[in-house]
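Undergrad: Fold the following for me, if possible:
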Amino acid sequence: MKAIGIALLIVGFNLKACAETNNLPQWFLQSFSSLKLEKQYKVIQPCKPAFLEADFNGDKQNDIAVQIIDLKSKKRGLLIINGGQNNYFIFGCGKKFADETFSDTNWLNGWRVFKSRYAYKPTFNTDGDITGSKRVNLKFPAISIYSREDGDEIAGQYIYWNNNKYISTHQGE
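TA: Below is the predicted model of the structure:
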């Protein structure tokens with residue numbers, strides 16, 4: 001009887017994971033499969049929403065961002081697949097973010113589509129201390145990933161398209 005209960009519990013978790021993955025648009029699932037990304041990565045959903053959808057690169061088609069984990073290194077990251085294209089971009093999962101020293105988003109516990117037309121990129125001195133900020137104009141929605149403490153966003157990254165590629169900029173402490 002105990003074995004049946006455990007089996008049902010496992011099936012229930014698997015069905016829940018499948019249901020959440022099935023909420024992803026069909027084109028995304030087809031791209032993920034045709035790019036053979038499932039051989040190296042698994043889509044995970046550690047925080048809500050399960051995925052982000054917006055026209056991140058300005059081509060008039062919605063793109064999808066999901067959180068993933070590298071199956072070998074177990075490092076976490078983000079995957080963006082551009083809608084209408086079979087282009088994908090990975091941040092983390094053992095690959096360094098542009099201009100950053102980290103390669104794992106295991107600290108991430110919140111994310112959202114950032115729709116403001118500008119953000120502020122911190123400027124640093126040679127010791128790594130923040131000395132000010134520089135305004136960055138955003139032509140398209142960005143992805144805001146962040147760490148929370150006591151319900152407040154304390155640090156994170158904006159990932160945005162600069163007309164040529166996705167780049168990221170540090171935010172917060």
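Undergrad: And the strands in the chain?
TA: Secondary structure of the chain (DSSP state E): strands at 41-44, 51-54, 63-70, 76-81, 88-92, 110-114, 118-124, 130-137, 142-149, 152-161, 166-172.
Undergrad: excluding its backbone neighbours, what's nearest the residue most central in space within the chain?
TA: For the chain, the residue whose C-alpha lies nearest the mean C-alpha position (C-alpha atoms, centre = their mean) is residue 78; its distance is 3.3 Å. The shortest distance from residue 78 to any residue that is not its chain neighbour, by C-beta to C-beta, 6 or more residues apart in numbering, is 4.6 Å, and that residue is residue 91. Every C-beta, even on glycine, is put in place using the N, C-alpha and C of the backbone.
Undergrad: I figured the residue nearest to the centre of the chain hits residue 69, correct?
TA: No. Look at residue 78 against residue 69 with C-beta atoms under 8 Å: they stay out of range, at 10.9 Å.
Undergrad: Mutual contacts of these two, please.
TA: Both residue 78 and residue 69 lack any common contact, where contact means C-beta atoms under 8 Å, 6 or more residues apart in numbering.
Undergrad: List the buried residues for stretch 55-73?
TA: With burial defined by 16 or more other C-beta atoms under 10 Å, the residues of stretch 55-73 counted as buried are 56-57, 62-70.
Undergrad: show me where pLDDT drops low in the protein?
TA: Residue ranges of the chain with pLDDT under 70: 1-22, 98-100, 173.
Undergrad: let's see it at 90
TA: In the predicted model of the chain, residues 1-22, 84-86, 94-103, 118-124, 127-130, 132-133, 148-157, 164, 167-173 satisfy pLDDT under 90.
Undergrad: Identify the residues contacting the residue nearest to the centre of the chain.
TA: Residue 78 makes contact with 65-68, 90-92, 105, 143, 145, 159, according to C-beta under 8 Å, 6+ apart.
Undergrad: That one bridge partners, please.
TA: Partner residues in beta bridges with residue 78: residue 67, residue 91, with DSSP bridges as the criterion.
Undergrad: circling back to that earlier point, looking at the buried residues of stretch 55-73, spot the one nearest residue 131.
TA: Distances from residue 131 to these, taken as C-beta to C-beta, are shortest for residue 56 (29.6 Å).
Undergrad: Tell me how far the residue nearest to the centre of the chain lies from residue 124.
TA: 23 Å (C-beta to C-beta, to the nearest Å).
Undergrad: Ok, residue 114 next?
TA: Residue 114 sits 22 Å away from residue 124, taking C-beta to C-beta as the criterion.
Undergrad: about what we covered before: hang on, isn't the residue nearest to residue 78 packed against residue 102?
TA: No. With contacts defined as C-beta under 8 Å, residue 91 does not count as touching residue 102, sitting 9.9 Å away.
Undergrad: Done for today, thanks.
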